[in-house]
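Chemist: Got a predicted model here, sequence first, then my questions.
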Amino acid sequence: MTIRALAAAEVTVARDELIALCAQAFCGPPWHEPPRGALRTVDRLLGRVSAGQPGFRCVASYDPDGALTGFAAGWRDTALSGGPEAFELGELVVAPAHQGRGLGRALHDTLLAEEAPAPRLLMTLDVPELRGRYERWGWRVVEHRRPEKDPRDFVVMRRN
């Protein structure tokens, strides 16, 4: 498995691959997203790229044949902090066939190792599987949220 940083232009070119990967990863538990959710996820990500989001970074993993197996992306923003700027881990996606092998952790660590400013924040579903994974990786819950128009509970987590 190869992990490398992607330039903004590469993220844009990989749109269809990213959508396919998100559709695979988010259709099952715990997300249960419909296919259009993958499209929204990737288009939201590409919106940040085209807007020149400060501090935008993306890393991706590829199998030996060059197929995309996962990616992680983040940026500097104030959306989760409600005040001071933080580095927000916005996406961490691993193809189901590659889950449970440490790839998510490797993508996470690679993204955060690239001079991500402290504090670091993320928002994820408030389910034991996800919350527990991030807690093992050094994150802690700082807030519970229920976004508008979403019946699910989420947590905001912080890592210094």
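Modeler: Perfect, thanks for sending it. Numbers count the residues shown, from 1 in each chain.
Chemist: Below-threshold pLDDT in this structure: ranges please.
Modeler: Scanning the chain for pLDDT under 70 picks out 115-117.
Chemist: can you map out the helices along it?
Modeler: Assigned by DSSP state H, the helices in the chain fall at 8-13, 15-26, 35-50, 103-113, 128-136.
Chemist: how many neighbours does residue 124 have?
Modeler: 20 (other Cβ atoms under 10 Å). The C-beta positions use only the backbone N, C-alpha and C, and glycine is treated the same way.
Chemist: List the residues that contact it.
Modeler: Contacts for residue 124 (Cβ atoms under 8 Å, 6 or more residues apart in numbering) come out as 130-131, 134, 154-155, 157.
Chemist: Restricted to buried residues, select those residues in ChimeraX.
Modeler: In ChimeraX, this line selects whichever of these come out buried by 16 or more other Cβ atoms under 10 Å:
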select :130,131,134,154,155,157
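Chemist: Could you identify the pair within the contacts of residue 124 that is furthest apart?
Modeler: 134 and 154 (12.1 Å; Cβ to Cβ).
Chemist: which residues pair with the residue nearest the centre of the chain across the strands?
Modeler: When Cα atoms, centre = their mean is applied to the chain, the residue found nearest the centroid is residue 91 (1.2 Å). Bridge pairing for residue 91 (DSSP bridges) gives the partners residue 73.
Chemist: Settle this for me: residue 70 is touching residue 101, isn't it.
Modeler: No - judged on Cβ atoms under 8 Å, residue 70 makes no contact with residue 101 at a distance of 10.2 Å.
Chemist: neighbour count winner among those two?
Modeler: Taking neighbours as other Cβ under 10 Å, residue 70 and residue 101 compare with residue 70 leading, 24 against 12.
Chemist: In contact with the more buried one, which residues?
Modeler: Going by Cβ under 8 Å, 6+ apart, the list of residues near residue 70 reads 21, 60-61, 92-95, 98, 103-104, 107.
Chemist: TSV please, covering the residues you listed and showing distance to residue 47 and neighbour count.
Modeler: Below are these laid out as TSV (distance: Cβ to Cβ, whole Å; neighbours: other Cβ atoms under 10 Å):
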residue	distance to residue 47	neighbour count
21	18	24
60	18	24
61	23	22
92	18	22
93	17	23
94	22	24
95	23	19
98	27	17
103	26	17
104	24	20
107	21	25
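Chemist: What is the nearest of those residues to residue 146?
Modeler: Distances from residue 146 to the contacts of residue 70, taken by Cβ to Cβ, are shortest for residue 92, at 21.2 Å.
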